[in-house]
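Asker: What shape does this take:
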Amino acid sequence: LTLLRWLLDVLILRRIAVLSMKHVAKQLSERLVLSNPTNAAHLEAVFLKNRRPNKEQMRILTEQLGNDHEELQQWFATRRHHHNADISIGKFTASCWRFLFYASMDIYAFIILRDKEWVSDLRLCWTDYPRQEKTMDLTIYYMLTLGFYIHLIGAIFFEHRKKDFWEMLVHHIATIVLVA
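Answerer: So this is what the prediction gives:
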């Protein structure tokens, strides 16, 4: 699943995200133009250390670089927006991957469950419980789900860190325990 996600991410989803943001990026790049373009490398270094310089740091930058204060403020605002766009592309690809997995698993579940008699009569779910016979199609469904959640445990450490990081980690572990 990890290899499939990586291929989908690199070959398709990132390209879709980049194409959809192309118009926005063009407008933003026009705002990043400075009167003195040789200062861009220095500003980038400052940005990597501090994305929101305070008034004193901005005053020092204005004196060092010879750019207008408003121009530097605009540069930092636009650069923060570019940084957020990179994060947005990562979130977009992760959301698309989850959507494709869940949609395909829902379709697969519909296909394998439509001929099961216990779907329409819930009393049959408890017949011979807990020694019910597992069919191969249901085993495959559970194995794919288990693999997906094991993949998500690894992926959660490499994706953009969200506010609910620990909650999602506990959720993925609980799901693995329940499915296994």
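
Asker: Any idea which helix or strand in this protein has the lowest mean pLDDT?
Answerer: Lowest mean confidence among the helices and strands of the chain (mean pLDDT, DSSP states H and E): helix 14-31, at a mean of 61.

Asker: Return the set of buried residues in the helix or strand just after it.
Answerer: Remark: after helix 14-31, the chain's next helix or strand is helix 40-49, criterion DSSP states H and E. Across helix 40-49, burial judged by 16 or more other CB atoms under 10 Å covers Leu43, Val46, Phe47. Using the backbone N, CA and C atoms, a C-beta is placed for each residue, glycine as well.

Asker: State which helix of this protein is the longest.
Answerer: helix 69-113 (DSSP state H).

Asker: What average pLDDT does the next helix or strand after that helix get?
Answerer: Sequence-wise, the next helix or strand downstream of helix 69-113 (DSSP H and E) is helix 117-120. On average, the pLDDT along helix 117-120 is 87.

Asker: what's the answer for stretch 93-102, then?
Answerer: Here stretch 93-102 scores 88 as its mean pLDDT.

Asker: heads up, I number from 53, so please use that
Answerer: Got it, the first residue is 53 from now on, which makes the last one we talked about stretch 145-154.

Asker: Who are the contact partners of the closest residue to Lys143 other than its chain neighbours?
Answerer: Nearest non-adjacent residue to Lys143, counting by CB to CB, 6 or more residues apart in numbering: His212, 6.0 Å away. By CB atoms under 8 Å, 6 or more residues apart in numbering, the contact set of His212 is Ile139, Gly142, Lys143, Ala146.
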